[in-house]
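Undergrad: This is the structure alone, sequence omitted:
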């Protein structure tokens, strides 16, 4: 599994020497000979494809095996991933520099123009963490994702950016769940579906996208629909400081906070813990949901790593 993971993160074929070196950086100390032994097995099972002296590439079957075999270990993975990305966030909203967590979505190259048109209203209505995006062509990387042949990659700002900026300011943020939020007359009303981060191996946004449970285009154009959102909590005593940080983030183009409650009071019918403040945050992949609603297929990787803020540009400039 570790070998497949290393191969999955490379856009080029890798040989046993490089794989052994990469494994060592992850705490696996295997000789080149041992790596070649395991690669022979992955070849036989169709998980890797030998390319002569250049090394090996992972196959579609290998990617599927990598995902499926680790499912028992991934319960609670999303919660841990959000915490990790928060720690890796170095973004400073005042200087507007540093690394921000992203989601990565892949589109067929020939349909990318249609996808941009389908996403336009969602970005214009600010139904996402930010209208800042990055585009990558085949062979390039967005976070941890390598854009495959025939695809275009689009990075959207992940709401974990807010977790990270708060963490750097000394404010812990507890990520409780992702859900589908009902919007009525342009106001958030209630969650109609919920998946707790601590009990899932899938990101809730990815699950809701696949199930076609959103109405982002209606929410953007009519003010009534269903969007991706998540619920988080911060200590009530930190509310004034958090408000100032949210204002700085908004000025920097990151406006993912939809509503913040009062101490120990419910928000959109969701109860909040004692001496906590509930925060409803917009899902970064709402524009992607709008594209899916328009019949454009996407492949999505939420919390897919970090990207330098300077690589981001306004969606309106694409």
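TA: The structure has been received and is ready for your questions. Everything numeric in this text was worked out from a predicted model, so none of it was measured. Residues are numbered from 1 along each chain as shown.
Undergrad: What ranges in the stretch 151-300 of the chain fall below the confidence cut-off?
TA: 200-201 (pLDDT under 70).
Undergrad: At which residues are the strands of it located?
TA: Ranges of strands within the stretch 151-300 of the chain are 151-157, 174-184, 187-196, 225-235, 257-260, 276-282, 299-308, based on DSSP state E, counting those that start in this stretch.
Undergrad: Pull the distance from stretch 28-36 to the chain's centre.
TA: Stretch 28-36 has its C-alpha centroid displaced from the chain centroid by 32 Å (C-alpha atoms, centre = their mean, to the nearest Å).
Undergrad: Likewise for stretch 56-68?
TA: 21 Å.
Undergrad: so what's the nearest residue to residue 204 once chain neighbours are set aside bridging to?
TA: Among residues not flanking residue 204 along the chain, residue 178 sits closest, at 3.0 Å (C-beta to C-beta, 6 or more residues apart in numbering). C-beta here means a position set from N, CA and C on the backbone, and glycine is covered the same way. As for beta bridges, residue 178 partners with residue 195, residue 230 under DSSP bridges.
Undergrad: Would you agree residue 178 is in contact with residue 284?
TA: No - using C-beta atoms under 8 Å as the test, residue 178 is too far from residue 284 to be in contact (10.8 Å).
Undergrad: Who has more neighbours out of those two?
TA: Each of residue 178 and residue 284 has its neighbours counted (other C-beta atoms under 10 Å); residue 178 has more, 31 against 28.
Undergrad: can you pull the contacts of that one?
TA: 78, 194-195, 197, 203-205, 208, 228-231, 283 (C-beta atoms under 8 Å, 6 or more residues apart in numbering).
Undergrad: what about 10 Å?
TA: Contacts here follow C-beta atoms under 10 Å, 6 or more residues apart in numbering; on that basis residue 178 touches 78, 82, 159, 191, 193-197, 200, 202-208, 228-232, 281, 283, 302.
Undergrad: Check which residues of the strand or helix carrying residue 113 are buried.
TA: For residue 113, the element it lies in under DSSP states H and E is helix 112-124. Buried residues in helix 112-124, counting neighbours by 16 or more other C-beta atoms under 10 Å, are found at 112, 115, 116, 118, 119, 120, 121, 122, 123.
Undergrad: and after that helix, which helix or strand comes next?
TA: Per DSSP H and E, the helix or strand that comes after helix 112-124 is strand 132-136.
Undergrad: neighbouring contacts of the helix or strand following that following strand?
TA: Downstream of strand 132-136, the first helix or strand assigned by DSSP H and E is strand 141-142. Contacts with strand 141-142, where a contact means C-beta under 10 Å, 6+ apart, come from 9-11, 102-106, 134-136, 147, 153-156, 301, 304-305, 307, 311.
Undergrad: filter these to the buried ones?
TA: 10, 102-106, 134-136, 147, 153-156, 301, 304-305, 307, 311.
Undergrad: re earlier: on contacts alone, who are the packing partners of the helix holding residue 113?
TA: strand 99-108, strand 132-136, strand 151-157, helix 216-222, helix 286-293 (3 or more C-beta pairs under 10 Å, 6 or more residues apart in numbering; DSSP states H and E).
Undergrad: Go through those and name the closest to residue 173.
TA: strand 99-108 (12.9 Å; C-beta to C-beta).
Undergrad: quick one on the thing from earlier: tell me the angle the helix holding residue 113 makes with strand 151-157.
TA: 10 degrees (axes from the mean of the first three to the mean of the last three C-alpha atoms, to 10 degrees).
Undergrad: Domain-wise, how is this protein divided?
TA: 2-69, 74-318 (automatic domain parsing).
Undergrad: these two touch, right, residue 222 and residue 216?
TA: No - the criterion here is C-beta atoms under 10 Å, and residue 222 misses it with residue 216 at 11.1 Å.
Undergrad: which of these two has more neighbours?
TA: Set residue 222 next to residue 216 and count neighbours by other C-beta under 10 Å: residue 216 wins out with 30 against 12.
Undergrad: I'd like to know how far the more buried one sits from residue 205.
TA: Taking C-beta to C-beta, to the nearest Å as the measure, residue 216 falls 11 Å from residue 205.
Undergrad: Ok, residue 103 next?
TA: For residue 103 relative to residue 205 (C-beta to C-beta), the value is 8 Å.
Undergrad: Overlap of the contact sets of those two?
TA: By C-beta under 10 Å, 6+ apart, the residues touching both residue 103 and residue 205 are 158, 159, 283, 284, 285, 288, 300, 302, 303.
Undergrad: Sweet, I'm off.
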